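Have a look at this prediction, sequence included:
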Amino acid sequence: MKIKITPENDPRDYIGYDLFGFPFNRRYPPDKKTYSETYYGYPSKGEGVLLYDYVVMGYDVKFTYKGEKYYLLNEGYGILTDENFSLRKEVFENPMELVENLKIDGIPLLQIAPKIEDIEPV
């Protein structure tokens, strides 16, 4: 039996819930006053997709950086994978850990997020 995650029983310490029960990234809260709703309250599409769609909503993600394609799988674990979502190249404890610790060309993913050329949840 699968247990439904609610604001009351969510074990993820990096997810918070607003007064209406909508989830948000607690470690990197959105700033909708400054950045509006365009990228979920983040300054770039890369940050919005990674910090909200991938970490909070649990979507898998594909993106292009410097002409190279990357695929992120969210199975409770954060996984750098291949285009078929079958090979586990790097595995992190959770999606937030991947976003914070994955390095591409020696640069942390969050640092390159604003420079990502094409990114979307899949």
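Yep, it's here.

just the helices in this structure please.
For the chain, applying DSSP state H gives helices covering 32-35, 45-48, 95-101, 109-112.

Columns mean neighbour count, mean pLDDT and distance to Phe85 on top of the ones you listed, output as TSV?
(Glycine included, C-beta is placed from N, CA and C.) TSV is the format used below for those (neighbours: other CB atoms under 10 Å; pLDDT from 0 to 100; distance: least, CB to CB, whole Å):
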stretch	mean neighbour count	mean pLDDT	distance to Phe85
helix 32-35	12	95	30
helix 45-48	21	98	20
helix 95-101	21	98	14
helix 109-112	16	97	18
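
Tell me which of those helices sits nearest to Met57.
Nearest to Met57, of all the helices of the chain, is helix 95-101, at 9.9 Å by CB to CB.

name the helices or strands packed onto the closest one?
strand 68-74, strand 78-81, strand 88-92, helix 109-112 (3 or more CB pairs under 8 Å, 6 or more residues apart in numbering; DSSP states H and E).

let's see it at 7 Å
Other helices and strands packing on helix 95-101, by 3 or more CB pairs under 7 Å, 6 or more residues apart in numbering; DSSP states H and E, are strand 78-81, helix 109-112.

Output these as CSV; include the columns distance to Arg88.
What follows is the helices and strands packed on helix 95-101, written out as CSV (distance: least, CB to CB, whole Å):
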stretch, distance to Arg88
strand 78-81, 5
helix 109-112, 17
